[in-house]
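# have a look at this fold, sequence not included:
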């Protein structure tokens with residue numbers, strides 16, 4: 001009961017103030033060209049000179065669907081190489097670090113390897129066996145030419161020499177596979193970069209042991225960053241708005257004044273079960289090297305297909321307390337602040353609105369100017 005009596009008293013005071021019954025209030029009203037009346041509804045405003053504010057009519061236009069999605073910069077997996085050692089051992093010299101740029105053929109690290117030492121031993125034994133088999137075959141040919149050796153014994157000697165040559169070739173390939181040079185026997189493996197690029201992952205440190213391939217990750221990952229991917233998470237409900245080939249605008253926290261242009265290159269066919277989102281891939285050139293793996297990115301997708309949307313001037317929308325508002329005209333001097341739901345970023349000075357207003361409504365064209373004037377004159 002008390003609350004209703006209080007509201008009724010406020011309403012009576014508002015009517016008296018509007019009618020100019022109180023002389024002092026009437027004098028203050030004349031001094032201010034625009035003044036908000038005291039009303040029970042905090043979103044309703046009455047101004048004396050509405051012609052000061054330019055109005056805009058809500059209309060529809062065929063505009064592309066706009067969708068924002070968070071993502072990050074990652075290396076192009078098609079231009080990424082995982083570097084491993086086929087021989088186990090211990091690192092004795094680490095020459096590069098994470099983030100270094102390396103050239104093809106550059107030594108990354110040196111490994112003291114018993115595997116390579118064993119491979120050289122096998123190679124040298126195969127060489128000795130091949131030389132012995134060659135001499136035996138030469139002797140067999142000489143004896144056979146003088147009729148002192150049977151043909152089958154000559155064939156046996158020839159077969160032994162050919163097998164010895166195969167063993168030499170296999171031992172030679174084994175040494176080279178482990179990173180050694182058959183002409184320079186050594187137990188030291190020099191692991192070299194297979195391609196030029198940036199080291200984006202390092203899983204080894206100095207004097208650590210290098211295990212077999214079955215039980216250890218790659219030692220380094222080298223990526224060519226002249227072209228990178230931006231992988232974005234698009235939620236299940238929004239996947240219908242994104243299509244292959246759609247243009248995408250990329251903005252990075254690191255470079256807020258720059259905007260990168262790309263296209264949707266792939267949409268994952270598998271959803272992440274925890275977030276219910278799919279990975280959308282955009283390929284970007286990176287010749288200047290400014291795009292670094294791990295950078296946070298926001299992608300704005302603009303569908304190639306247009307559909308009718310309610311649009312208003314971007315200046316007519318006021319962002320306040322994490323909500324979007326417009327001021328809709330409701331009478332000769334009456335305006336109402338209405339919450340709207342917008343879609344994406346402004347395009348060509350216009351902003352798409354999903355709900356809150358309808359076609360034909362008249363709204364204030366510059367919401368910030370209107371809000372500031374009402375707040376200033378209402379003091």
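Perfect, I can see it now. Computed from a predicted structure; not experimentally measured. Numbering: from 1, shown residues only.
# neighbours of the residue lying closest to residue 296 once chain neighbours are set aside, how many?
Nearest residue to residue 296 in three dimensions, chain neighbours excluded: residue 253, at 5.1 Å (CB to CB, 6 or more residues apart in numbering). All C-beta atoms are positioned from the backbone trio N, CA, C, and that covers glycine. Neighbourhood size, residue 253 [other CB atoms under 10 Å]: 9.
# which residues touch residue 253?
When contacts are counted by CB atoms under 8 Å, 6 or more residues apart in numbering, residue 253 touches 295-297.
# per-residue pLDDT, it?
We have a pLDDT of 92 for residue 253.
# how much space separates it from residue 292?
12 Å (CB to CB, to the nearest Å).
# likewise residue 230?
12 Å.
# which one's more surrounded, those two?
For residue 230 versus residue 292, the count of surrounding residues by other CB under 10 Å is larger for residue 230: 25 against 16.
# quick one: that one is in a strand?
Yes - counting by DSSP: H, G, I helix; E, B strand; the rest coil, residue 230 is located in a strand.
# state the distance from it to residue 98.
Counting by CB to CB, the gap from residue 230 to residue 98 is 22 Å.
# which ones are touching residue 102?
96, 108, 193, 196-199, 222.
# could you dump those to CSV with secondary structure?
Output for the contacts of residue 102, formatted as CSV (three-state DSSP):
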residue, secondary structure
96, coil
108, strand
193, coil
196, coil
197, strand
198, strand
199, strand
222, strand
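# give me the buried subset of these.
96, 108, 193, 197-199, 222 (16 or more other CB atoms under 10 Å).
# any chance of these in JSON lines, with pLDDT too?
Formatted as JSON lines, these follow (pLDDT from 0 to 100):
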{"residue": "96", "pLDDT": "96"}
{"residue": "108", "pLDDT": "96"}
{"residue": "193", "pLDDT": "96"}
{"residue": "197", "pLDDT": "96"}
{"residue": "198", "pLDDT": "96"}
{"residue": "199", "pLDDT": "96"}
{"residue": "222", "pLDDT": "97"}
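# out of the residues you listed, which is nearest to residue 308?
residue 198 (47.0 Å; CB to CB).
# which strand or helix spans residue 186?
Under DSSP states H and E, no helix or strand contains residue 186.
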